[in-house]
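Peer 1: A predicted structure for the sequence below; I have some questions about it.
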Amino acid sequence: MIYSTSSRLAKRLLIAALVMGLVGSAPVLAQESPPGEDDFPQPVAIPADDPGGGVTNREAAVLLAAAMGIPDAIWQGLFSDVAENSQDADTIEAVTLAGVVKGKLDGTFRPDEVITRGEFAVLLDRALFHDRFPADPAPFTDIPEDAAYAKAVNGLYADGVVLGCSDDGLRFCGEDPLARHDAESLIERALAVPYAVADCEDPDEWLLFCEVYEHIDSMYLPGATVEELAAPVNEAAALAMEEAAESAAERPRFDCSIPDPVFEPLCAWASGAVDTPLRSLAETAVREMVKALDPNSAYHDPEEWMEIEDQGRYVGIGVRVVTVDDEWNPFCTPLSETCRIIILDVFEGGPAYNAGLMPWDFIVGVDGNRLHGLTLGEAADLIRGEVDTSVDITFERDGDEYTLTLIRKEIVTPYTSAEVHNTESVAYIQLNSFAASPGGAPEELVGRLAEVGDVELLILDLRNNPGGRVSVLQEIAGFFVGEVPVMTFHTIDETYDVDGIGQPLLAADTPRIAVLVNQNSASAAEVLAGLLKETRGAVVIGETTYMKNTGQSLLDLHNKGVFRLTTLKWTTPGGIDIGETGVPLDIETEFPTVPLQDLMEWVKDLLDNPPEEAPEETPTETPEMPTETPEQ
C-alpha cells in the first residue's frame, strides 16, 4: 500500500522505486525507526488510557459524514431507536444509506453507546477506503483472527493511518473506547492519504480500465498474467512521475479503482496528473495495458471505431489504410515517427489510383502538415473532405518522400470484381475483403457468380485480402459449400464448428476452381482457400499465406468504443492449422505482371500443364496485416 506523505516529491519517488522494484512495500512497523516528519507523517498511536472519554455512535456518524462530505438524508426510520426529531437523526440515516453504518442485529443504532476502537476502524475504512484490497496483517498481538475489525485495521495500518495503543506498538486495544480528539485525528490522517485504492466493484471513473481488464481476464486465449498486464502501465506511470517530479501540484483525494494491487502505481500517477481527467487517464492505462497483448488485439475509442466501420460511400482519395509501428504491429496510436499510416489497397479509378499511389506507401503528411500526435481517425478527417476539393498528400516510398495534389471524389468501396474470358470459358472473381457493410461482399458476390454463367474454370483471387468478419465468411462460404462446417473454433472454454449459411450457388462438380493467394491473404481469406481445397478440390496457387489462425471478438464498451480481443484459435474442418504453415499450396509460384485476360490464360495453362514438382514450401515473415481497416 502507499503511505500518506506531506511531501508530494517523496511520495512520487517512493512509488517510482516500487515500480522499478528497488524497495519493498512492507509498512513501517511500530518498533522500527520512523521516517522524519518532513517525509512521512506518523500514524496515530492511540493511548489506552486517554482521559478524553469515548466517542458515541452518534458522534462517530457525524464525524464521518463531515469527512465524506455527504448531506443529511430525509428521515426514513431506518432504526427503531432513532426518532425523526432526535439529535442528528438525518445525519445518521445519511451515513447509513452511504453504506458506512449498518446498525445492530436487533434493528437498533444505539446512538448514545460508546464506540470501540475496532468498531470505529471499521466505519472509517468503509467511509474512506471502501472496497479496498486485503492488506497484510498488522503486527498487533491482541487482535483475534476472527475479529470483525481485523481487515479494516490491517488496511488502515498499511496506509499509515493508525498504529497500536502500547509503547511497543504491538497492541491495538480494539475493544477499548476511542476519545473524540483521537477520532478526529484518525479522520484527518485518513483524508491525508492522497487516494483510496479499491477493487473494481464500483469503479466509477475507472470503469473503462476495469471493463477491459475483465474481458482480458475471462476471454483472452493466449493468456496473460496480471504482472504482464501491469508492466507497461507501471512503466508509463514511472516515466510520467519522473517527468512531473518537480511539480508540487496534486489532485484532491480520490478513489482509485484497479483490478489488482499490482496496478497501484497508476493511482500515484493519477494523483500527480492534476490536469488529466481520471476517465482520460483510465483510457491511457487501457492503451498501455493492451501493449501486453498480441498484435491483433486493440482498443479503439469511439472515433477510431467509427472510422474503421465507415465502409461504403464516402468522399476521399480511395485508399484502405491502417497504422503500423516500426515492428509492423497494427493499430498503434498516436501517429509518430514509429507509428505511421500505411496504404494496404488503392481502389481502381479513384484519385489515389490515378495519381500513382501504391500499396505499402506510407502517408506522412496532409496539406503540408505532419501527422504526429494524431489518431488515425483525426488523420482521416484531414484526408477526407468535400467533393472536388483538393488535398496535398505527402507519402514515403522506399525511403523517399513525395507530395501529390489529389482531387477528392465520392468513393464506393469495391468488395469484388469479375471478368469472363469469352474464348477460354474461364471466369475470374476477385474478392477484396470480408468486411461487413450493407451492399458488401456477399451481396456483390451473388451477382458476380450469376455473371460467370456456365464456365469450365472459376478463378477466385484472394490475393491481398486481409479477411474480416466471420459472419461474412459464413455467407460467402455458403455460396460454395452450403450449410456445412466452415471452420472449427477453439476458445478458452470450448471447441465448436461454425457452419456456412445458405445453399450453394454452384454445381457440386463444376466448374473447376483455382484460388490465388499471396503473403497478404489473411484470416478469413485463408479459411476460404483451405475450405475450398478440402471440400471442392480447389487448386491453391501462389505464395505462402499470412498464417493468421486466431480470431478476435469485437467487444462493445460502455464509452461506445470497441475492444478487439483475441478470444479464439481456428482450424479448417479437416484439421489444417493455418497458423503453422499457411494454406497448403498445390502450386507455389510468383504471379506475372500482365493484363487480367493474360493472367486468366496463364492460370488455365498452369492447371492444364502443372509443374512436375512444386518447390518446398517455406514460410516467410511478413508485416502484420489487420483484419479490418478504414478507407480514406
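Peer 2: Noted; the coordinates are in hand. Numbers count the residues shown, from 1 in each chain.

Peer 1: From here on, just use CA atoms for contacts and neighbour counts.
Peer 2: Will do.

Peer 1: Pairing partners for the lengthiest strand in the chain, with directions?
Peer 2: When the chain is scanned for its longest strand (criterion: DSSP state E), the result is strand 562-571. Strand 562-571 has its sheet partners listed here by DSSP bridges as strand 298-300 (antiparallel), strand 485-490 (antiparallel), strand 550-556 (antiparallel).

Peer 1: downstream neighbour of it in the secondary structure list?
Peer 2: Following strand 562-571 in sequence order, the next helix or strand is helix 578-581 (DSSP states H and E).

Peer 1: Residues touching that next one, excluding its own?
Peer 2: By Cα atoms under 8 Å, 6 or more residues apart in numbering, the residues outside helix 578-581 that reach it are 526, 544, 547-550, 571-572, 619.

Peer 1: please redo it, this time with the cut-off set to 10 Å
Peer 2: Helix 578-581 is contacted from outside by 522-523, 526-527, 530, 544-550, 569-572, 584, 617-620, using Cα atoms under 10 Å, 6 or more residues apart in numbering.

Peer 1: pLDDT wise, what is Arg251 at?
Peer 2: At Arg251, the model reports a pLDDT of 89.

Peer 1: Where does pLDDT dip in the stretch 351-500 of the chain?
Peer 2: Within the stretch 351-500 of the chain, the ranges that satisfy pLDDT under 70 run 413-423, 436-441, 453.

Peer 1: Correction: the previous question concerned the chain.
Peer 2: The chain contains residues with pLDDT under 70 at 1-53, 245-248, 310-313, 413-423, 436-441, 453, 613-632.

Peer 1: Spell out for me which residue occupies the centre of it.
Peer 2: Nearest residue to the geometric centre of the chain (Cα atoms, centre = their mean): Tyr299, 4.1 Å.

Peer 1: Find the residue closest to that residue in space, skipping its chain neighbours.
Peer 2: Leaving out its chain neighbours, the residue that sits closest to Tyr299 by Cα to Cα, 6 or more residues apart in numbering is Phe563, at 4.6 Å.

Peer 1: For the one you found, which residues are in contact?
Peer 2: Contact analysis of Phe563 by Cα under 10 Å, 6+ apart lists 211-212, 215-216, 286, 290, 297-301, 305, 552-557.

Peer 1: let's see it at 7 Å
Peer 2: Neighbouring residues of Phe563 by Cα atoms under 7 Å, 6 or more residues apart in numbering: 298-300, 554-557.

Peer 1: Just the closest of those to Gly103, please.
Peer 2: Leu557 (38.3 Å; Cα to Cα).

Peer 1: Put together a markdown table for the strands paired with strand 562-571, with distance to Glu113 on each row.
Peer 2: Output for those, formatted as a markdown table (distance: least, Cα to Cα, whole Å):
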| stretch | distance to Glu113 |
| --- | --- |
| strand 298-300 | 54 |
| strand 485-490 | 61 |
| strand 550-556 | 51 |
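
Peer 1: For Ala379, which of the ones you listed is the nearest?
Peer 2: strand 298-300 (14.8 Å).

Peer 1: can you count the residues close to the residue lying closest to Glu526 once chain neighbours are set aside?
Peer 2: Once flanking residues are discounted, Glu526 sits nearest to Val583: 6.1 Å by Cα to Cα, 6+ apart. Val583 sits with 31 neighbouring residues when counted by other Cα atoms under 10 Å.

Peer 1: again with Ala379
Peer 2: That count, for Ala379 with other Cα under 10 Å as the rule, works out to 21.

Peer 1: Surely it is in a helix?
Peer 2: Yes - looking at Ala379 with DSSP: H, G, I helix; E, B strand; the rest coil, it is inside a helix.

Peer 1: and it, how far is that from Ile341?
Peer 2: Per Cα to Cα, to the nearest Å, Ala379 is found 9 Å from Ile341.

Peer 1: Buried ones in stretch 338-355, by neighbour count?
Peer 2: Within stretch 338-355, the residues scored as buried using 16 or more other Cα atoms under 10 Å are 339-347, 350-353.

Peer 1: what's the offset of it from the middle of its chain?
Peer 2: The chain centre lies 28 Å from the centre of stretch 338-355; the measure is Cα atoms, centre = their mean, to the nearest Å.
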